[in-house]
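Enquirer: take a look and give me a structure for this.
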Amino acid sequence: MGSDKHSARFLHNLKMERVRTILTHTYPYPHEHSRHAMIAVILGCMFFISSENMHSLVEKLDNNFKWWSMYACLLGFFYFFSSPFIRKTIRPSYSTFSRWYIAWILVAALYHLPSFQSMGLDLRMNLSLFLTIYISSIVFLLVFHIVFLGLWYIGLVSRVAGRRPEILTILQSCAVLSISCCIFYSHCGNRAFQRQTPLERRHASRFSLWKGEDGNSTWLAKFTHIDELRDQVCSSWFAPVGSARDYPLLSKWVIYGELACNGSCPDSSDEISPIYSLWATFIGLYIANYVVERSTGWALAHPLSVENYEKLKRQQMKPNFLDMVPWYSGTSADLFKTVFDLLVSVTVFLGRFDMRMMQAAMTKYCDGNKSKELLYDHFTDKTDFWFDFMADTGDGGNSSYSVAKLLAQSFIKVPLENDFISLERGNILLIGGDLAYPNPSAFTYEKRLFCPFEYALQPPHWYKTDSISVNKPELPDGVSDLKHYDGPQCFLIPGNHDWFDGLNTFMRYVCHKSWLGGWFMPQKKSYFALQLPKGWWVFGLDLALHGDIDVYQFNFFSELVKEKVRENDAVIIITHEPNWLLDWYWKDDTGKNMRHLIFDFLKGRCKLRMAGDLHHYMRHSCTQSDGPVHVPHLLVNGCGGAFLHPTHVFRSFSKFYGASYESKSAYPSFDDSSRIALGNILKFRKKNWQFDFIGGIIYFLLVFSLFPQCKLGHILRGDSFSGHLGSFFGTVWSSFVYVIEQSYVSFTGVLMLLITAIMFVPSKISRRKRLLIGILHVSAHLTAALILMLLLELGIEICIQHKLLATSGYHTLYQWYKSVENEHFPDPTGLRDRIEQWTFGFYPACIKYLMSAFDIPEVMAVTRTNICREGMESLSRSGAAIYYASVFLYFWVFSTPVVSLVFGSYLYISINWLHIHFDEAFSSLRIANYKSFTRFHIKPDGDLEVFTLGVDKVPKEWKLDKDWDAEPRSTVKMSHHRRFPSKWCATTLQQDPVNTVKIVDHFVIRRSEKDIGGS
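Expert: The predicted model follows:
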């Protein structure tokens, strides 16, 4: 009784969340177990294939270049198609689909090619057996799950069993089970071994592998002879379970094995098939595991201790950061929403409705002065003042958190001139727009912006993430005024991505919330002015989608300059877009209201302009001017977390506001930036595998009208390789002419692609060049598509000529299996006939049509032969749909790596030779490295010392920081007072941003200096 009470108290103290975690294991990817099982199955298969068989295969194909070429092309295309998913687990489940899809159509193609029997693999038997076992397993498990759910419904099993299993898990488990049975059949067969007494069988299975006839150990000797080892394993470990006579109740419900005898066997075997027993064992293990996990409550009866659970939890905890945004994804709903929001913002609201106008209308007047909601002057009394600037965060979680962690540290030690200096955390964090990608929404702001910053510096314990701040600033308890708050504060301006929804999300998450992690946000509007110590000012301007400030902002800042900014003060202007670089690049002229403010009101007091938008770091300083220097320094730092932008494209910038400027620093360097662009050729598809959906369909449309090619004999009849090659490219040219002159669907696809390619070229170059670039781009794609089409058609033609395809109709595999089924899998009790009768013929019909659906090459070849013989008119609509669908399944695999290669090459040539597509060519690479922010220090003499800190390589793996976890967490102590404020550190500490950060740029801006530049 006492023990029961003790257990009850223990279970009561154990939170139900922990119990659920122990009871139902959660895996980040549902196909992990299936992938590992597949690896084990493949290794087992390769273990049994002897080297002698591999040599015989090579000898058979040695003198036949044609078959070697087909094998190389087929395996090469399939490898490049699946290469983005090798050794990676990618979400969404497209990677899982691709693995099984590749296995399906690759095996369906390989088993028609010659010489696989020389490896000891009868693929026809294995495929037909696999499909039969697969269907049987699915039906059996579905019936089991239906019965089990019925028992749960009437209350005979625990409520935990009510959680339905994933269909994908059942399908994958059945596939692995079926593959295992087929591999066993490949090497051990379905043969029933000679009957032995139970004692003899037991001794044989236990000792025969390890001892020879003389009792000496021969295991190592047998290992050198794989065939002997295979026979020993089959006879010892996978021996039949016994005769059907031993199990009278099962005699009519089992599959029998072949009789092991010399010569002909007068009677059929009564031994239970070892394949059947293996299948039954796997099914039983699945059912037993499922029942124990879902209904017995074993985990509740054997819970982990709280201490061990917490230890295990800490070891397994990792941040769930989002990956970099896939800008070339053809399946991303976020990207389609981004395009839609942009179209709505530009076509509906631009020039008609402006949130900045509403903000001005809603600004409250305080004592006759409305600048109280826009001007923050509580920093002026600070003595040693630091502040930070970053922009363009909220993309990949790894990169955003790396920058946020550096910003959160109370100080950073970095090397400078053979020494180390300590840079204190900024009293203010300025963020220059584009807070989340690809569009502003609650999900992107919370997951891509707030999540990394909250991990880097936690908000107060009493703060609720879903709270709304009505009367800002809502100060912590015990703080009466902003001047008395000693923690870091944050001010933000919106970027173009934040304006895609009309600034709605920015207003909700910035202007109506008080905390970004541990940074306090007193800001009420989308633009602001900060009065800093020693006569320094910061103007945060909101350019919206217009590229300029509106009249209300101009009025506020111009009045502020006249009333507050003194003659010797210095102003830093922050905008999202660096119009000095973008206007030079696009040959445009924007920001006229800003220019009016800088020229006619500030009059040389603007010492620095900062911006983001371009995701790199560049600083230009004025070197020569015939007139007054309006802005001595121009700084771009958009390395807050978004993908990298090139720097070498802007190498030639030198003029702004009539003055000459020189590039003083670039991160990455111009040479590194140019080398990084090479990744478009080598890594475009690896980084943008979601582009398959778009590229595969485009290529198929380009050659849709050319299927099938019935007259390809002239290519195969050449006497030399050059003759074959000449005939091949001659056919490519003929196909191109056919597309232009006679095709409708393909010509429409080419025309639409050409229009899109021309519009895709940036408008900064002339129309003639845009037309030429577009034509060359489309020509490369069309040529590649035509070559792939002919390669596919040639492969089918060769197989048809050698009687490997289109020999006996659509159901070739099923007919062959039925002819050998009774021989290899005898059924003296008529089990198959009973199943057919009970299912009204559905079961054998299902297997028949599944085999036909699996054998895509046969369907394609038979239909192609009928079309070439009787014409396309002989096909029904459904027949034509089946033919083109079967062609597309293979053509998609061939085309997706090629379309990515061609498009990536186009981007590389454009960015490095023509200096266009700087955004498109680097967003495709999704580079999380080269991240930086800029830290400012107002020195006692009033000068501004500027440090730009960078991290070359961003960590990809994180773990719980032991120092952070060990530090006592007081409910009163704010997170910015902690010695270790950030929750995660890099798995390899040498790669942690705190240990790898370096100074990228360092200079000083003189506050009162009127001459050109600084030091």
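Enquirer: just give the number of residues close to the nearest residue to residue 865 once chain neighbours are set aside.
Expert: Of all residues not flanking residue 865 in the chain, residue 806 sits nearest, at 4.7 Å (CB to CB, 6 or more residues apart in numbering). Every C-beta, even on glycine, is put in place using the N, C-alpha and C of the backbone. A count of neighbours around residue 806, defined by other CB atoms under 10 Å, yields 22.
Enquirer: roughly how far does residue 806 sit from residue 714?
Expert: 20 Å (CB to CB, to the nearest Å).
Enquirer: next: residue 755.
Expert: Using CB to CB, residue 755 is found at 35 Å from residue 714.
Enquirer: repeat that for residue 840.
Expert: Taken as CB to CB, the span from residue 840 to residue 714 is 52 Å.
Enquirer: which one of these two has more residues nearby?
Expert: Ranked by neighbour count (other CB under 10 Å), residue 840 and residue 714 place residue 714 first, with 13 against 8.
Enquirer: from the chain's centroid, how far away is the helix or strand harbouring the more buried one?
Expert: Element membership of residue 714 [criterion: DSSP states H and E] is helix 713-716. For helix 713-716, the distance from its own C-alpha centre to the chain's C-alpha centre is 43 Å (CA atoms, centre = their mean, to the nearest Å).
Enquirer: let the chain start at 835 from now.
Expert: In the new count, where the first residue is 835, that last one comes out as helix 1547-1550.
Enquirer: buried stuff in the very next helix or strand once past that helix?
Expert: Once helix 1547-1550 ends, the next helix or strand along the chain (criterion: DSSP H and E) is helix 1555-1575. Neighbour counts over helix 1555-1575 (16 or more other CB atoms under 10 Å) mark 1558, 1561-1562, 1565, 1569-1570, 1573 as buried.
Enquirer: show me what helix 1555-1575 is packed against.
Expert: If you count contacts as 3 or more CB pairs under 8 Å, 6 or more residues apart in numbering; DSSP states H and E, helix 1555-1575 packs onto helix 1547-1550, helix 1579-1594, helix 1601-1635.
Enquirer: rebuild the ones you listed as CSV, extending it with mean pLDDT and distance to residue 1531.
Expert: Converted to CSV, these look like this (pLDDT from 0 to 100; distance: least, CB to CB, whole Å):
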stretch, mean pLDDT, distance to residue 1531
helix 1547-1550, 83, 28
helix 1579-1594, 95, 9
helix 1601-1635, 94, 12
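Enquirer: these: which one's closest to residue 1666?
Expert: Closest of the helices and strands packed on helix 1555-1575 to residue 1666 is helix 1601-1635, at 32.1 Å (criterion: CB to CB).
Enquirer: residues making contact with whatever helix or strand comes next after that closest one?
Expert: As assigned by DSSP H and E, the chain's next helix or strand after helix 1601-1635 is helix 1646-1658. Residues outside helix 1646-1658 that contact it (CB atoms under 8 Å, 6 or more residues apart in numbering): 958-959, 961-963, 966, 1024, 1092, 1642-1643, 1681-1682, 1685-1686, 1688-1689, 1692.
Enquirer: buried ones among the residues you listed?
Expert: By neighbour count, with 16+ other CB under 10 Å, these hold 958-959, 961-963, 966, 1024, 1092, 1681-1682, 1685-1686, 1688-1689, 1692 as buried.
Enquirer: need the worst-confidence member of the residues you listed.
Expert: The member of the buried ones among the contacts of helix 1646-1658 with the lowest pLDDT is residue 1092, at 64.
Enquirer: so the residue lying closest to residue 1349 once chain neighbours are set aside, which of the three states?
Expert: With CB to CB, 6+ apart as the criterion, residue 1349 has its nearest non-adjacent residue at 4.2 Å, and that residue is residue 1293. Recorded secondary structure, residue 1293: coil (DSSP: H, G, I helix; E, B strand; the rest coil).
Enquirer: which residues touch residue 1293?
Expert: So, once contact is read as CB under 8 Å, 6+ apart, residue 1293 ends up touching 1299, 1349, 1351-1352, 1809.
Enquirer: quick check: the gap between it and residue 1220.
Expert: Plainly put, residue 1293 is 21 Å away from residue 1220 if you go by CB to CB.
Enquirer: got it, and residue 1586?
Expert: For residue 1586, the distance to residue 1220 - CB to CB - is 55 Å.
Enquirer: which strand residues bridge the residue lying closest to residue 1398 once chain neighbours are set aside?
Expert: Once flanking residues are discounted, residue 1398 sits nearest to residue 1365: 7.1 Å by CB to CB, 6+ apart. With DSSP bridges as the criterion, residue 1365 is bridged to residue 1371.
Enquirer: residue 1365 - how many residues pack around it?
Expert: Residue 1365 - counted by other CB under 10 Å - has 18 other residues nearby.
Enquirer: and it, what's its pLDDT?
Expert: Looking at residue 1365, its pLDDT reads 95.
Enquirer: got a list of what it touches?
Expert: Contacts of residue 1365 by CB under 8 Å, 6+ apart are 1209-1211, 1213-1214, 1371, 1398.
Enquirer: wait, residue 1511 sits on residue 1744?
Expert: No - Residue 1511 is not in contact with residue 1744 according to CB atoms under 8 Å; the separation is 9.3 Å.
Enquirer: counting neighbours, what do you get for residue 903?
Expert: If you count neighbours by other CB under 10 Å, residue 903 ends up with 14.
Enquirer: so residue 1396 makes contact with residue 1435?
Expert: Yes - Residue 1396 sits in contact with residue 1435 when judged by CB under 8 Å, with a separation of 7.1 Å.
Enquirer: between the two, who's got more neighbours?
Expert: Neighbours per residue (other CB under 10 Å) separate residue 1396 from residue 1435, with residue 1435 holding more: 18 against 9.
Enquirer: enumerate every residue touching the more buried one.
Expert: 1391-1392, 1395-1396.
Enquirer: tell me which two in those residues are the farthest apart.
Expert: Using CB to CB, these reach their maximum pairwise distance at 1391 and 1396, which is 9.8 Å.
Enquirer: C-alpha coordinates for stretch 1298-1305, PDB please?
Expert: The C-alpha trace of stretch 1298-1305 is given here as PDB (Å, rounded to 0.1, in the frame of the first residue of the first chain):
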ATOM      1  CA  LYS A1298       3.400  38.100 -22.500                       C
ATOM      2  CA  THR A1299       4.100  37.700 -26.100                       C
ATOM      3  CA  ASP A1300       0.500  38.200 -27.200                       C
ATOM      4  CA  SER A1301       0.100  41.400 -25.200                       C
ATOM      5  CA  ILE A1302      -0.600  44.700 -26.900                       C
ATOM      6  CA  SER A1303       1.000  48.000 -25.800                       C
ATOM      7  CA  VAL A1304      -1.600  50.800 -25.900                       C
ATOM      8  CA  ASN A1305       0.100  53.500 -24.000                       C
END
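Enquirer: which parts of it are buried?
Expert: In stretch 1298-1305, counting by 16+ other CB under 10 Å, buried: nothing.
Enquirer: can you check stretch 1725-1742 too?
Expert: Buried, per 16+ other CB under 10 Å, within stretch 1725-1742: 1725-1738, 1740-1742.
Enquirer: sitting in helices, which of the residues you listed do you find?
Expert: Per DSSP state H, helices hold the following members of the buried residues of stretch 1725-1742: 1725-1738, 1740-1742.
Enquirer: spatially nearest residue to residue 970 (excluding sequence neighbours)?
Expert: Using CB to CB, 6+ apart and skipping the chain neighbours, the partner closest in space to residue 970 is residue 1113 (7.9 Å).
Enquirer: residue 1499 belongs to a strand?
Expert: Yes - in this structure, residue 1499 lies within a strand as judged by three-state DSSP.
Enquirer: return the set of residues that bridge with it.
Expert: residue 1453.
Enquirer: that one is in contact with residue 1784, isn't it?
Expert: No - with contact defined as CB under 8 Å, residue 1499 does not reach residue 1784; the gap is 10.2 Å.
Enquirer: now the common contact residues for these two.
Expert: 1451, 1834.
Enquirer: the two - which one has more neighbours?
Expert: residue 1784 (25 against 17).
Enquirer: which ones are touching that one?
Expert: 1451, 1473, 1501, 1764-1766, 1831-1834.
Enquirer: you'd agree it is in a helix?
Expert: No - going by three-state DSSP, the assignment for residue 1784 is strand, not a helix.
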